[in-house]
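Visitor: Coordinates for the following, if possible.
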Amino acid sequence: MRDVDIRYTETRRVTPVLHHWQHLEKFGIYDPSSDLVSAEADRLAITLATHCPHLVEVVFQHSEEGPQMSSQAMCYLLGRCHNLTHLGASSSRLNDRFLLILASCQPHLERLILPKCEGIAGLMVTKFKDALAWPELRQLVLDGCNSVSPEFIEKMVRDCSKLRTVALKQEYDELMVRLAFQLEVRNDDFESYYMERNRSRFTMV
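Guide: From the prediction side, this is the model:
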């Protein structure tokens, strides 16, 4: 098995079978049961990284009430799975330490989807002297990341030359225009602006 998409399932039911999927390349879990503690979510990430080192796509999409991965568990996954092209996670427990590890060890990353990660500011990454190790990054979604800094956004645009699509809160509209992006789509609640660089059309993520 190389591709698994799991929806509305308790995390504790998924973790015990991961050792059977050693050739897994794509894993996504969406809206798992919200009655679990976050330790179960961490156990899932760590077990997945231990038994499935060939992953290229990982998505952990949780509701605000659901179990959320910690930075420690996600950093363990990043240290084991070196060929990610698509990473998606929504967790208020993710912080700049996770982002710094991600910035230094995932050179193949093309899509980074981190909605509602309120612990991410990007300040540690802005002090990162070298360029971000994401030469292939094309899509960045940070809507709902209320703490993200303008300095981090500017570094992303400067260091990731292939970056074309960015989703941010409305307050970054002026900054993105200054960075040669243009507004294409905004969502229904007018909170997130979808910007694209040097293009005349946009396909919503």
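Visitor: Return, as residue ranges, the portions of this protein with sub-threshold pLDDT.
Guide: Applying pLDDT under 70 to the predicted model, the residue ranges of the chain that meet it are 32-36, 63-67, 131, 185-194, 198-205.
Visitor: which residues sit in contact with Ser92?
Guide: For Ser92, the contacting residues are 64, 68, 116-119, taking C-beta atoms under 8 Å, 6 or more residues apart in numbering as the criterion. Using the backbone N, CA and C atoms, a C-beta is placed for each residue, glycine as well.
Visitor: Buried by neighbour count, from those residues: which ones?
Guide: For the contacts of Ser92, a neighbour count by 16 or more other C-beta atoms under 10 Å gives the buried set as 68, 116-117, 119.
Visitor: what would these look like in a markdown table with distance to Asp42 and secondary structure?
Guide: Formatted as a markdown table, these follow (distance: C-beta to C-beta, whole Å; DSSP: H, G, I helix; E, B strand; the rest coil):
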| residue | distance to Asp42 | secondary structure |
| --- | --- | --- |
| Gln68 | 9 | coil |
| Lys116 | 18 | coil |
| Cys117 | 16 | coil |
| Gly119 | 15 | coil |
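Visitor: Going by distance to Gln106, which of those wins?
Guide: Closest approach between the buried ones among the contacts of Ser92 and Gln106, by C-beta to C-beta: Cys117, at 16.1 Å.
Visitor: got the buried residues for the lengthiest helix in the chain?
Guide: Once the chain is assigned using DSSP state H, the helix that runs over the most residues is helix 38-51. Buried residues in helix 38-51, counting neighbours by 16+ other C-beta under 10 Å, are found at 38, 40-49, 51.
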